[in-house]
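In: Build me a structure from this.
(chains A and B)
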Amino acid sequence: MITFWNDLKKYKVLLLMLTPAVIFYILFAYLPMGGIVLAFKHFDYAGGIFGSPWNGFDNFRFFFDSGDAFRVTRNTALYNIAFIIINNLLQIFAAILLFEVGGKWFRKIIQSSLFLPYFISWVVVGAIAYNLLNYDIGTVNMVLRGLGMEAIDIYNTPAYWPYLLVLVSAWKGLGYGTVMYLAAITGIDTEMYEAAEIDGANIFQRILKVTLPNLYPTVIILVLLAVGNIFRGDFGMFYNMVGNNGLLFSSTDVIDTFVFRSMMTSNDMGMAAAAGVFQSVLGFVTIMAVNYAVRRYDKDRALF
Amino acid sequence: MSTTELSVNKSFSERSRIRKTDRMIFSAIGYVSLTIMALLCLLPFLLVVSSSLTNEDTILTKGYQFLPIDFSMESFKILFKYPGEIVHAYMVTIGVTVAGTLLGLFLTSMTSYALSRKDFKWRNKFSFFFFFTTLFSGGLVPWYLMIVNYLHMKNTLLALIIPMVLNVFYIIVMKSFLSSIPEAIVESAKIDGAGDFRIYYQLILPLSKPALATIGLFLALAYWNDWYNALLFVSDDKLMPLQYYLYKMLGNMDGMRKAMMGAGAVVTTPLPSEGLKMAMTVVATGPILLAYPFVQRYFVQGLTIGAVKG
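Out: The predicted structure follows:
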């Protein structure tokens, strides 16, 4: 106890410096964790979190029995799996090409172009998508009509959306990932390339036998980290691309958009909270599992 | 086995000639693919800019074009006819971005500094306290109720600033940067009698300019592009930031068109809604596109720091 008080005195300035951040995370993270009780309550505004009456597992039962739980969880996971695979492949492809091809200026211009979509908000992406895809005057449909083909009503056809969303995700994330992988490639020991050159390897062999194996650890880590977040949907993307267009929900609704709508539109706080808790627990279990996997693979790379 | 022998037997010049053709094939693939990818990333921006500069009738008959075939500043003129709301949204966004970035930088660096001090006994405990929030959360609803019902931030500027001011990822990046500053500097300052806060403020901050620049830009970008907090917490028109204003405008015009079509009206809106939307998009994104060439390298730097120790 005496050492504790001595430490407190010794570190008092450092502790004071940590205080704002500690308060921040208590207010915005730890206290809301206590709000999980809401998932087991019938929320009314008069009662608030603590005064509202308990209703056991009703919120969860409703969430699962309506079929929403299965639909949004499946969508969230499948979209994220598709994003992980396609985005990483494209990013690695672009990074390798960017490393091998072209002069300083070419690289600079290409990298700047690829990175640009990362900098705009999802609202703007939504506006651009609408420009390209809407039925009446969208560029895609104008081109189709120009070619004498039938225009397609994209905003009323759920089947197109998985492809579209994968495309948009790839488009927005390409630059970010390419820069990450480019950094990893640049870090590869040049002696390995020289050795491969002397052994008579052509460029394809060199990429296959030197670049990719050296990139492997980075890929594994980035992919595993992404897998840890597989139940977190990118709200900004889904909400701005799809909005409240109920026609598309069968193929575009993810947990995050569902929670948001339950809360803001249908005002069903209890079920929104239940869906949020479901997502949190699922996410927590996944991250722990992934971290365990990373630990086994490479201890230093584990998150904790 | 035989292939190996074969390649060994090939004359050197022949081998290097093969290597040259491989290289050429590869370069061709590389140049073409990269150029296509870059164009796909750029063209949508061109579409927006060109649509904003195109006459509304042309958009409605010919669709959005990559080059303005019927040049017109009409959309911008109408947009700025009553500039009150836009200018206001701009002020909100600029204010929130500046305040949020500065406050965020101060809190992030101060927190990271305390966590980076190796003689601080409880630093791992505190690090875990922060880190755990990225693993588990109470979900959107309790967080929302906390801000609205308990902190009463609805319809205040604070709701646009505070929820985003700290980010564990930035704390980790900053901490790993600060750990690279030699401890001897802190030690010698201590011997000279400087307090912990003074060491942070007068010694560490100036030394961390590169990391501050990078994190500051990430923060500024996040604040500039934020519409989510406004969607949740702002219903007062006076507090609308730029991106949310754009979001509202896109939605409203869509609603307007749909309502008119539902009422059986022929959609020849007198208001150039399509061009106007695009003009607004240009106005909301413009500053980012202008700053982009100058700040891009700091983002690249930041990603590289983050990649080393995420």
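
In: Hmm, residue B:92 is touching residue B:237, no?
Out: No. Residue B:92 lies out of contact with residue B:237 (Cβ atoms under 8 Å); the separation is 10.3 Å. Placement of C-beta: from N, CA and C, glycine included.

In: Give me the more crowded residue out of these two.
Out: residue B:92 (21 against 11; other Cβ atoms under 10 Å in any protein chain shown).

In: which element is the more buried one on?
Out: helix B:84-116 (DSSP states H and E).

In: Would you mark the buried spots in that helix?
Out: For helix B:84-116, a neighbour-count test (16 or more other Cβ atoms under 10 Å in any protein chain shown) marks B:86, B:88-90, B:92-93, B:96-97, B:99-101, B:103-105, B:107-116 as buried.

In: which of those residues are close to chain A?
Out: B:107, B:110, B:111, B:113, B:114, B:115 (Cβ under 8 Å from any Cβ of the partner chain).

In: circling back: do me a favour and average the pLDDT over the helix holding residue B:92.
Out: Across helix B:84-116, pLDDT averages out at 95.

In: Please compute how far that helix lies from its chain's middle.
Out: 13 Å (Cα atoms, centre = their mean, to the nearest Å).

In: Ok, stretch B:188-198 next?
Out: On Cα atoms, centre = their mean, the centre of stretch B:188-198 falls 37 Å from that of its chain.

In: where does chain A dip in pLDDT?
Out: A:303 (pLDDT under 70).

In: Beyond the biggest helix by length in it, next helix or strand please.
Out: In chain A, with assignment by DSSP state H, the single longest helix is helix A:68-100. For helix A:68-100, the following helix or strand on the C-terminal side (DSSP H and E) is helix A:104-115.

In: Keeping just the C-alphas, turn that next one into CSV.
Out: What follows is helix A:104-115, C-alpha atoms only, in CSV (Å, rounded to 0.1, in the frame of the first residue of the first chain):
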residue,chain,number,x,y,z
LYS,A,104,10.0,7.8,-61.0
TRP,A,105,7.3,10.0,-62.6
PHE,A,106,5.2,7.1,-63.9
ARG,A,107,5.2,5.5,-60.5
LYS,A,108,4.4,8.7,-58.8
ILE,A,109,1.4,9.5,-61.0
ILE,A,110,0.0,6.0,-60.8
GLN,A,111,0.4,5.8,-57.1
SER,A,112,-1.3,9.2,-56.6
SER,A,113,-4.2,8.1,-58.9
LEU,A,114,-4.7,4.8,-57.1
PHE,A,115,-4.6,6.5,-53.7
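
In: Which residue would you name as the spatial centre of the chain?
Out: With no chain named, the answer covers chain A. The structure's chain A has its C-alpha centroid closest to residue A:234; by Cα atoms, centre = their mean the separation is 5.1 Å.

In: ah, I was thinking of chain B
Out: Per Cα atoms, centre = their mean, the C-alpha nearest to the average position across chain B is that of residue B:221, at 3.8 Å.

In: Report all helices and strands that the helix or strand harbouring it contacts.
Out: Using DSSP H and E, residue B:221 maps to helix B:209-224. Packing partners of helix B:209-224 (3 or more Cβ pairs under 8 Å, 6 or more residues apart in numbering or on different chains; DSSP states H and E): helix B:84-116, helix B:168-178, helix B:273-308.

In: In this structure residue A:39 contacts residue A:61, no?
Out: No. Counting by Cβ under 8 Å, residue A:39 stays clear of residue A:61, with 11.5 Å between them.

In: Of these two, give the one with the bigger neighbour count.
Out: The neighbour count for residue A:39 versus residue A:61, taken as other Cβ under 10 Å, is higher for residue A:39 (28 against 13).

In: The more buried one: what's it in contact with?
Out: A:59, A:60, A:270, A:273, A:274, A:276, A:277 (Cβ atoms under 8 Å, 6 or more residues apart in numbering or on different chains).

In: Kindly indicate whether the fifth one is helix, strand or coil.
Out: In this case it means residue A:274. What DSSP: H, G, I helix; E, B strand; the rest coil gives for residue A:274 is helix.

In: Please name the residues that touch it.
Out: Counted by Cβ under 8 Å, 6+ apart, residue A:274 has contacts A:39, A:40, A:59, A:60, A:62, A:63.

In: Which parts of the host helix or strand of the fourth one count as buried, going by neighbours?
Out: Read it as residue A:60. Using DSSP H and E, residue A:60 sits within helix A:58-65. Buried positions in helix A:58-65, judged by neighbour count with 16+ other Cβ under 10 Å: A:58, A:59, A:60, A:62, A:63.

In: close to chain B, is it?
Out: No. Counting by Cβ under 8 Å from any Cβ, no contacts exist between helix A:58-65 and chain B, the nearest distance being 10.6 Å.

In: Could you list every helix and strand that that helix packs against?
Out: Applying 3+ Cβ pairs under 8 Å, 6+ apart, we find helix A:58-65 packed against helix A:269-297.

In: low pLDDT regions in chain B?
Out: In chain B, residues with pLDDT under 70: B:1-16, B:18, B:253-272, B:305-310.

In: Okay, angle between the longest helix of chain A and helix A:58-65 too, please.
Out: When axes from the mean of the first three to the mean of the last three Cα atoms, to 10 degrees is applied, the directions of helix A:68-100 and helix A:58-65 differ by 70 degrees.

In: Okay, and the closest residue to residue A:25 other than its chain neighbours sits in which element?
Out: Closest residue to residue A:25 apart from its sequence neighbours, by Cβ to Cβ, 6 or more residues apart in numbering or on different chains: residue B:133 at 5.5 Å. According to DSSP H and E, residue B:133 maps onto helix B:123-135.

In: Would you mark the buried spots in that helix?
Out: B:123, B:126, B:127, B:129, B:130, B:131, B:132, B:133, B:134, B:135.

In: Can you give the distance of stretch B:227-244 from its chain's centre?
Out: Worked out by Cα atoms, centre = their mean, stretch B:227-244 lies 17 Å from the chain centre.
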